[in-house]
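Enquirer: what would the 3D arrangement of this be:
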Amino acid sequence: MRTIHVVMFSGLVLLAATSVAAPTPKAEPEVIRSHLTFLADDLLEGRETGTRGFDLAAKYVGAQFQQNKLVPKGEKASFFQQVPLRMTTMTPGSAVVEMQSSTGVERFSEFTDYYVHVEEGGDRSSAATPLVFVGFGISSKRHGHDDYSGKDLKGKVAVVLEGYPSRFPSEEGAHFGDFQIKREAAAKAGAVGLVILWTSTSDKKIPFTKARRYFTTPRMKWIDDVQPQSSHLAGMQDTVMLSMPAARRLFKHTGVNLDEIYAAAAANQPLPYADLKVAMRLSRTTTSNDLSSSNVVGMIEGSDARLKNEYVVFSAHLDGIGRIKEKSGDNIYNGAMDNASGVAILIETARMFSRSTTRPKRSILFVALTAEEKGLLGSGFFARHPTVPVGSIVANINIDMPLLTYDFKNVIAFGAEHSSLGASVGRAISKMGLSAIPDPWPEMGMFTRSDHYNFVREGVPSIFLSTGTSSFNVDEDGTKLWEKFRQTHYHQPSDDLHLPFNFDAAARLTQVNFMIALEIANAKEKPTWNKDDFFGDTFKK
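Expert: Reported below is the predicted structural model:
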């Protein structure tokens, strides 16, 4: 932006042109409020993937992108990328899990003793399959840990502890502790099934009784023209999660002391490999149907002739849990904080870029994702099938469930320490008088639990941004407010518009997102993984 100054000198008028920085667009609290008010309304019935409520939300986001003059970057010159999905539902009461030992047959009770995580559709019934205990079920050369080394599990079911050894760095441990990673490791070792034992550490993260909602809802996966997601595991039986009391019932037939295993795991001592001399039989009945849902994709095109062909992705998941018809009373899970708030911030960030007088050098993609609550499916599909050239995405900034009820003064950028994005975040927020803090909840493995992680798996440096634990208001304790939200409102109908939203704080977080995206988009060099970083080395392309 140029300013013309008029200067008088000896009766002559001289015109002098000087360059001044273009003003930074400001986030508007009331605009964010308006987006959130619509996206978290009962009309949308919780925005569950594959429902009319989600489709209405997606149309709303597309209309906002259009109003703000974003370039459509979905399919067929639209804002929408269709994600083909397959949903598998287990017939209620059809699951049977029983253990066969030399002393007889013992049948376990669904929900009380176990959950079955359904992997494929159709009817399934396995023959009694021998069980083998293999520690945590983790193979990692980098960490000097291989529970399968020299073991032949062909035709057997691997029995493993939930989680990972406490000596592992928390984010790397969370990667190996993911049950799908455990499943892949077991399949690679020749196993035909997986049983995961809950532990006291597991129960601290989420009690077994509350884990039901994660393992008993209909199973979704994305499919494409080649093969379904994770189809290389199709020969595996479903994954069974056993409660601690059920695990003790299982081990009493084996001659192996489970309490000693739990104690050894807690003390970071080696765990035994043990033939349990017990076989498991699993059967269940399911139905499957195919459906489609949309990612919503818009672009602010970069101004640099070369760098505009590189893309910074700003993402937030649009879907929620939906409406639980079997529940009485308020049965709509509006997902106001999780994650209508993130999408409202995404839309407002896009508006700020569209109103800016100076475009960023790199292009910025704004992506509202589907099916995060179904297992990060929309982001997995987009990261694997981007609507821009493969390899052109240089960074992802993801926002998911920021707590917007207090006057935060620091932020958390989960994963920032793994790449040059950490320095980018620091430079951007210092201009706002804010600071970044390390992950305050390392035991929760947050870096692996939201949509950015699918970009990481494609080799893209990524961060997951959220509000921190301190407040400018001395009467507000961010740590306690986070804990209260998780215990009371997370994935509950009470995550709705009645929460005490602070829309000035929402505007500040939007400004943070804008500044970080601008910093990355205008940098001379694209983001890079730090030297010898686990995630950079594991997923480099």
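Enquirer: which residues of the stretch 251-400 of the chain fall in helices?
Expert: Ranges of helices within the stretch 251-400 of the chain are 258-266, 341-355, 377-384, based on DSSP state H, counting those that start in this stretch.
Enquirer: how about the shortest one: buried residues?
Expert: Neighbour-count burial for helix 377-384, counted by 16 or more other CB atoms under 10 Å, picks out Leu377, Gly378, Ser379, Gly380, Phe381, Phe382, Ala383. (Each C-beta comes from the backbone N, C-alpha and C, glycine too.)
Enquirer: which neighbouring elements make contact with that helix?
Expert: Here helix 377-384 touches strand 80-90, strand 219-222, strand 286-300, strand 311-317, strand 363-369, helix 452-456, going by 3 or more CB pairs under 8 Å, 6 or more residues apart in numbering; DSSP states H and E.
Enquirer: which residues of the stretch 51-200 of the chain fall in helices?
Expert: Secondary structure of the stretch 51-200 of the chain by DSSP H, counting those that start in this stretch: the helices cover 52-67, 170-177, 179-188, 200-205.
Enquirer: quick one, which of the helices and strands packed on helix 377-384 is nearest to Pro270?
Expert: Distance to Pro270, taken as CB to CB, is lowest for helix 452-456 among the helices and strands packed on helix 377-384, at 29.8 Å.
Enquirer: ok so, going back, how about the helices of the stretch 251-400 of the chain in CSV, adding mean pLDDT and distance to Gly93?
Expert: Shown next, in CSV, are the helices of the stretch 251-400 of the chain (pLDDT from 0 to 100; distance: least, CB to CB, whole Å):
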stretch, mean pLDDT, distance to Gly93
helix 258-266, 94, 29
helix 341-355, 97, 37
helix 377-384, 96, 27
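Enquirer: nearest to Thr469 among these would be which one?
Expert: With CB to CB as the criterion, Thr469 lies closest to helix 341-355 of the helices of the stretch 251-400 of the chain, at 17.5 Å.
Enquirer: any idea of the mean pLDDT in stretch 126-135?
Expert: The average pLDDT for stretch 126-135 rounds to 92.
Enquirer: flag every buried residue along it.
Expert: Residues of stretch 126-135 classed as buried by neighbour count (16+ other CB under 10 Å): Ser126, Thr129, Pro130, Leu131, Val132, Phe133, Val134, Gly135.
Enquirer: now what about that stretch, what contacts it?
Expert: Under the contact criterion CB atoms under 8 Å, 6 or more residues apart in numbering, stretch 126-135 has outside partners 99-100, 147-148, 151, 153, 155-161, 186, 189, 191-193, 195, 237, 250, 256, 261, 265, 271-283.
Enquirer: quick one: that stretch to chain centroid distance?
Expert: With CA atoms, centre = their mean, to the nearest Å as the basis, stretch 126-135 stands 31 Å off its chain's centre.
Enquirer: quick one: the strands in the stretch 301-450 of the chain?
Expert: With strands called from DSSP state E, counting those that start in this stretch, the stretch 301-450 of the chain shows them at 311-317, 322-323, 332-333, 363-369, 393-399, 410-414, 435-437.
Enquirer: would you format the ones you listed as CSV with distance to Thr349 and mean neighbour count included?
Expert: Shown next, in CSV, are these (distance: least, CB to CB, whole Å; neighbours: other CB atoms under 10 Å):
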stretch, distance to Thr349, mean neighbour count
strand 311-317, 6, 29
strand 322-323, 26, 21
strand 332-333, 25, 23
strand 363-369, 7, 29
strand 393-399, 9, 27
strand 410-414, 15, 23
strand 435-437, 18, 15
